[in-house]
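Undergrad: Have a look; sequence and predicted model below, questions after that.
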Amino acid sequence: MKLIFATHNKHKVEEIQSICPTEIQLVSLAELSYHQEIPETQDTIEGNSLQKARYVFDVFKLPCFSEDTSLEVEALNGAPGVNTARYAGAKASFEDNIDKLLSALDSEENRNAKFVTVITLMDEDGKNHQFKGVCKGEILKVRCGEKGFGYDPIFKPSGSNKAFAEMTLTEKNVFSHRAKAFAKFVEYFTTAR
């Protein structure tokens, strides 16, 4: 079955593609030559994930899914949270976001954090289903590794001695919040439908 992945983020497409079962044919927005901005104006990641999926479903009238991810840092009362991608401002780069987070935690001993991903599937009837994945870990004091994207150079998942940015995609998917949410999505897709 063909499924549109409602994102412009090529890194997310690569991550999901690497764990996608053969019965699901992933179609990116780039493959559809769709480059318009997708709105993310909700105050929760569940809301943003649903908003993006519904928006793309309304454009193409085809089954699709979207995801939204937050990094929640214990010492910062859950920040950056829903603003994870825009933590240092609307046009901020990954580097800007990391710099701001490291600065905010500069004198903080508690480095506990978690990534949370919510995937929303819009099925062929326009009904939505949501799936959540969580990865607990800690924020490192310095960047490590060159792989991945976003906060990967400063996030080390519990049970690993490597930052996400030091891992191959296969290694990252053992711990990844996105992989966990997608596994629930695939289980629903292959058994519950």
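TA: Good, I have the coordinates.
Undergrad: So what's the residue count around residue 21?
TA: 9 (other Cβ atoms under 10 Å). Quick note: C-beta positions are derived from backbone N, CA and C, even for glycine.
Undergrad: where does it fall, helix, sheet strand or coil?
TA: Under DSSP: H, G, I helix; E, B strand; the rest coil, the three-state class of residue 21 is coil.
Undergrad: show me the contacts for the closest residue to residue 175 other than its chain neighbours.
TA: Closest residue to residue 175 apart from its sequence neighbours, by Cβ to Cβ, 6 or more residues apart in numbering: residue 157 at 3.9 Å. Counting by Cβ atoms under 8 Å, 6 or more residues apart in numbering, residue 157 makes contact with 135-137, 164, 175-176.
Undergrad: Just want the most central residue of this structure.
TA: Centroid-nearest residue in the chain: residue 69, 4.0 Å away (criterion: Cα atoms, centre = their mean).
Undergrad: And it, how close does it get to residue 60?
TA: 23 Å (Cβ to Cβ, to the nearest Å).
Undergrad: same check, this time on residue 151
TA: When distance is defined by Cβ to Cβ, residue 151 is 31 Å away from residue 60.
Undergrad: go on, residue 149?
TA: Relative to residue 60, residue 149 is positioned 26 Å away (Cβ to Cβ).
Undergrad: Give the helix, strand or coil label for residue 182.
TA: At residue 182 the chain is in helix, as set by three-state DSSP.
Undergrad: Low-confidence ranges, the protein, go.
TA: For the chain, the stretches flagged by pLDDT under 70 are 192-193.
Undergrad: Scan it for its longest helix.
TA: Criterion DSSP state H: the longest helix present in the chain is helix 45-60.
Undergrad: Mind checking what helix or strand follows that one in sequence?
TA: Scanning forward in sequence from helix 45-60 by DSSP states H and E, the next helix or strand is strand 64-73.
Undergrad: which secondary structure elements does that next one contact?
TA: Strand 64-73 is packed against strand 2-5, helix 45-60, strand 80-81, helix 94-104, strand 112-122, helix 177-187, with contacts defined by 3 or more Cβ pairs under 8 Å, 6 or more residues apart in numbering; DSSP states H and E.
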